[in-house]
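>>> need coordinates for the following:
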Amino acid sequence: MNKVLEIESALQQLPAQAKWEIARWLLDDLQGTGKEVLQKTEGPSPGAASLPVALPDYAARRYKIFGNKVLPNLILTTREQERW
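This is a model prediction of the structure:
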């Protein structure tokens, strides 16, 4: 079994208890020897100081496109038009 889909289909055929045992084994393996390998490939650790990410200003963009126009809530409008 070298393909992910084959492994996934084999796991789906197992009983729930066996799935949990495999999940625990994988977790233990990743926390043990595999942890060093994952840290090398993941990049900087979450605790490392990083530059803040500038998020786009959605309000300014909406104002630039629509001005002061108030947009209706389309979900509520659609629900009013539907027959229940």
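>>> going forward, measure contacts and count neighbours with C-alpha atoms only.
OK.
>>> pLDDT averaged over the longest helix seen in the chain - what is it?
Longest helix of the chain, by residue count under DSSP state H: helix 16-31. On average, the pLDDT along helix 16-31 is 85.
>>> count the residues that sit near L11.
14 (other CA atoms under 10 Å).
>>> wait, it sits on K19?
Yes: the pair L11 and K19 qualifies as a contact (CA atoms under 8 Å) at a distance of 6.7 Å.
>>> that older thread, show me what the longest helix of the chain is packed up against.
Helix 16-31 is packed against no helix or strand, with contacts defined by 3 or more CA pairs under 8 Å, 6 or more residues apart in numbering; DSSP states H and E.
>>> now that helix: buried residues?
When burial is assessed from 16 or more other CA atoms under 10 Å, helix 16-31 yields no buried residues.
>>> after the lowest-mean-pLDDT helix or strand in the chain, next one along is what?
For the chain, counting by mean pLDDT, DSSP states H and E, helix 34-42 ranks last in confidence among helices and strands (a mean of 53). The helix or strand immediately downstream of helix 34-42 is helix 58-66, counting by DSSP states H and E.
>>> show me what the following helix or strand past that following helix is packed up against.
Counting by DSSP H and E, the next helix or strand C-terminal to helix 58-66 is helix 74-81. Helix 74-81 sits against no helix or strand, with contacts defined as 3+ CA pairs under 8 Å, 6+ apart.
>>> report the buried residues of helix 74-81.
Buried-residue list, helix 74-81, by 16+ other CA under 10 Å: empty.
>>> grab the CA positions of that helix and hand them over as CSV.
Output of helix 74-81 as CSV, limited to C-alpha atoms (Å, rounded to 0.1, in the frame of the first residue of the first chain):
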residue,chain,number,x,y,z
LEU,A,74,-29.5,39.3,0.5
ILE,A,75,-30.1,36.3,2.7
LEU,A,76,-33.1,37.9,4.4
THR,A,77,-34.4,39.2,1.1
THR,A,78,-34.3,35.8,-0.4
ARG,A,79,-36.0,34.2,2.6
GLU,A,80,-38.8,36.7,2.3
GLN,A,81,-39.4,35.8,-1.3
